[in-house]
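Next one to model:
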Amino acid sequence: MSSIVVSELDYAPPGAEPLFFDVNFGISAGDHAAIVGPNGVGKSTILRILSGELVPDGGDATVTGTVLTMTQDVGMARPEDSLRDLLLTVAPSELRTAGQTLVAAEKAMAAGEDDGIGYATALTEWGDLGGYDLEAQWAASIDRSIKSPVKDVATRLVGELSGGERKRLVLDMLLSSEADVLLLDEPDNYLDIPTRVWLEQRIKSCSSTILMVSHDRSLLEQVATKLVVLEGSRCWVHGGSYKTFPEERERRQALLGDALKRWNDEERRLFKHMKVMKDRAASNFKNATKANAAETRWERFVAAGPPPPPVPDQQIYVNLRGADSARRVVKMESVAIDDLFFPFSDEIYFGERVGLIGPNGTGKSHLLRALAGEIKTSEGSIGFGPRTSVGTFTQINDRPDFLGRTTVDIIGERVSDYEKAMQSLARYGLADHSNQPFETLSGGQKARLEVVCLELEGHNVLLLDEPTDNLDIESSEALELALDGFQGTVLAVSHDRTFLDGLDRFIMINDDGEVYSIPDFEVALAALADPESVQQIKHAKSLTAT
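This next block holds a predicted model:
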């Protein structure tokens, strides 16, 4: 039977403070569990230890059965790789090694460095280990996951697929693999809403034991049967879904606070009793035995140590102030970009929160970039009203202007005073990373840094491309709360259903290039679930020019 058992696990990155210590949890066969916690506490590190990529400083991590792993950046780092290279990274270890040996032998033979004997040997081993069966599985997953035909996995490049297609292909392979254990790091990143719904259904029907890291609250509510909560350098386990987690955590924090208070009260009582008995023994030696016993009792109590205190909540304070602008903020007239969607027209007014939705690859991010002035439209025009100041948040936190610079230097450009810069970083939980170069920050830390820059720049129009994708749950909730009070206009591309639920209306771009205005979140979800039926969905209005 497959299972995961973690006992007294400790880990500290080289030259750094411990990420966590004394971590204990177990995942039973068939469980679909998730590790949750703030950015930077070591969630992905635990998956890397379980996969054998990292060696812990102490404790044990045992996984029984066959294990397959997906990293959060799978398929993103090397777009020049072939699909075969990508699929081999998530193959069983023996097949992965045999497949990579076969690829190397092919290259050697093509370069005239092999007379064919090495290639023949590698090909035989590939077949003996079940490589041809694996190739058949690849073909089936490709048919289900990639829109355009794939003639040869050895020549089709990863960079020719969208991020969502790459992620769906890998997930389809893993969830169809019948591996005993799957370790999935942020499987929802880069997936559009229809694919996230597909992922939920596949996880629910998967018989493998699954341990994943995710910040998608809707996904966690739907599929997680158990939560491993990593916080305060330790962990605890919530044996239910995410729906009941916030209430359970609040109850646990209260109990920890009560237990610590009781321990402190008892320690003071035992200490006071010991002092009284010592004073009595000083005046009457017959009380010495009782005094020694009281001292021993107090020492044993103190040596056992207090219960853990409540874990301090992340203090993330987002303060997006904004400013007034003209009533009509943006006018889009017969706008088209390449062949991504048909020309459409729309107007966005001051104070609106508008979501750009639709399947991956339909041009949502391109439209956002056109609004930001980064690219030009193929047709039509985009105009902003007077007194508008536009700020952007990039999907993958791609900021060449930040590279090689520390966080405090980046913030220092936006506030003149060092102390104020540090205060701004502290409000976003980044003060401890003030001297850390931008490129060494985690994805969530980069995202928070972008948000604090938007705040300090004081824009009244925010263009947000997947703002919650790399944020932990607490940071996402802080951002959503700040947007509620923001005096300005928001246009956001997002596949985060919880985030989208707080927006006012939606512009939907379909695979066929049609563009619709949808005034309601529930209607938008229905349209995303079945894009082909959007014309029949009540209240959906076509924006495409006729």
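
Could you use CA atoms for every contact and neighbour count after this?
Noted.

For residue 511, grab the count of nearby residues.
As a burial measure, residue 511 scores 17 neighbours (other C-alpha atoms under 10 Å).

which ones are touching it?
When contacts are counted by C-alpha atoms under 8 Å, 6 or more residues apart in numbering, residue 511 touches 358, 359, 361, 362.

Just give me the closest of these to residue 526.
residue 358 (11.5 Å; C-alpha to C-alpha).

Which residues lie in contact with that closest one in this structure?
192, 193, 364, 508, 509, 510, 511, 528.

And for residue 418?
Residue 418 sits next to residue 412 when contact means C-alpha under 8 Å, 6+ apart.

for residue 498, same thing?
By C-alpha under 8 Å, 6+ apart, the contact set of residue 498 is 217, 218.

Next one: it from residue 331, what distance?
28 Å (C-alpha to C-alpha, to the nearest Å).

With residue 428 instead?
Distance of residue 428 to residue 331, given as C-alpha to C-alpha: 34 Å.

Between these two, point out the one with more neighbours.
residue 428 (20 against 17).

In this structure the more buried one contacts residue 448, no?
Yes. Between residue 428 and residue 448 there is a contact at 6.5 Å, judged by C-alpha atoms under 8 Å.

isn't there a helix covering residue 380?
No. Judged by DSSP: H, G, I helix; E, B strand; the rest coil, residue 380 forms no part of a helix; its state is strand.

what's the neighbour count on it?
By other C-alpha under 10 Å, the residues close to residue 380 number 15.

can you pull the contacts of it?
Residues in contact with residue 380 (C-alpha under 8 Å, 6+ apart) are 332, 333, 334, 335, 336, 343.

thinking again about what came up before, now the contacts of residue 358 as a markdown table including secondary structure, distance to residue 108 and pLDDT?
Shown next, in a markdown table, are the contacts of residue 358 (DSSP: H, G, I helix; E, B strand; the rest coil; distance: C-alpha to C-alpha, whole Å; pLDDT from 0 to 100):
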| residue | secondary structure | distance to residue 108 | pLDDT |
| --- | --- | --- | --- |
| 192 | coil | 40 | 88 |
| 193 | helix | 43 | 89 |
| 364 | helix | 43 | 91 |
| 508 | strand | 49 | 93 |
| 509 | strand | 46 | 93 |
| 510 | coil | 45 | 90 |
| 511 | coil | 42 | 87 |
| 528 | helix | 48 | 84 |
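
With respect to residue 423, which of those is nearest?
Sorting the contacts of residue 358 by how near they are to residue 423, with C-alpha to C-alpha, puts residue 364 at the top with 34.9 Å.

residues near that closest one, how many?
25.

so what's it closest to, chain neighbours aside?
Spatial nearest neighbour of residue 364, excluding adjacent residues (C-alpha to C-alpha, 6 or more residues apart in numbering): residue 356 at 6.3 Å.

hmm, who's touching whichever helix or strand the one you found is part of?
Counting by DSSP states H and E, the element that carries residue 356 is strand 353-357. Contact with strand 353-357 is made by 364, 489-495, 500, 503-509, as judged by C-alpha under 8 Å, 6+ apart.

Tell me the strands beside that strand, with direction?
strand 489-493 (parallel), strand 505-509 (parallel) (DSSP bridges).

Could I get the buried residue list for the last one?
Neighbour-count burial for strand 505-509, counted by 16 or more other C-alpha atoms under 10 Å, picks out 505, 506, 507, 508, 509.

Going by distance to residue 75, which of those wins?
Looking across the buried residues of strand 505-509 and measuring by C-alpha to C-alpha, the closest to residue 75 is residue 509, at 25.3 Å.

Would you mind confirming that that closest one is in contact with residue 341?
Yes. Residue 509 is in contact with residue 341 according to C-alpha under 8 Å; the separation is 7.2 Å.

where do the contact lists of those two overlap?
The contact sets of residue 509 and residue 341 overlap at 362, 363, 515 (C-alpha under 8 Å, 6+ apart).

So what does the last one have for phi and psi?
Here is the backbone geometry of residue 515 (degrees, to the nearest 10): phi -120, psi 130.

and residue 231, how many neighbours?
Residues near residue 231, counting by other C-alpha under 10 Å: 22.

Please tell me how far it sits from residue 387.
Going from residue 231 to residue 387 by C-alpha to C-alpha gives 44 Å.

now do residue 264
To residue 387, residue 264 is 58 Å away according to C-alpha to C-alpha.

go on, residue 360?
When residue 360 is compared with residue 387 (using C-alpha to C-alpha), they lie 33 Å apart.

more neighbours, those two?
Neighbour count, other C-alpha under 10 Å: between residue 360 and residue 387, residue 360 has more, with 22 against 12.

ok, what's across the strand from the spatially closest residue to residue 394 that is not a sequence neighbour?
Of all residues not flanking residue 394 in the chain, residue 465 sits nearest, at 5.4 Å (C-alpha to C-alpha, 6+ apart). Counting by DSSP bridges, residue 465 forms beta bridges with residue 493.

before we move on, what about residue 10?
Under the criterion used (DSSP bridges), residue 10 bridges to residue 58.

hang on, residue 212 in a strand?
Yes. According to three-state DSSP, residue 212 belongs to a strand.

Check the burial of it by counting its neighbours.
Residues within reach of residue 212, counting by other C-alpha under 10 Å, total 24.

Hmm, residue 431 is touching residue 421, no?
No. Counting by C-alpha under 8 Å, residue 431 sits too far from residue 421 to count as a contact (9.2 Å).

More neighbours: which of those two?
Neighbour comparison, residue 431 and residue 421: the larger count goes to residue 421, with 22 against 17 (by other C-alpha under 10 Å).

chain center to the strand or helix carrying that one: distance?
In the assignment (DSSP H and E), residue 421 maps to helix 418-427. With C-alpha atoms, centre = their mean, to the nearest Å as the basis, helix 418-427 stands 25 Å off its chain's centre.

Just the buried positions in it, please.
Using 16+ other C-alpha under 10 Å as the test for burial, helix 418-427 gives 421, 422, 424, 425, 426, 427.
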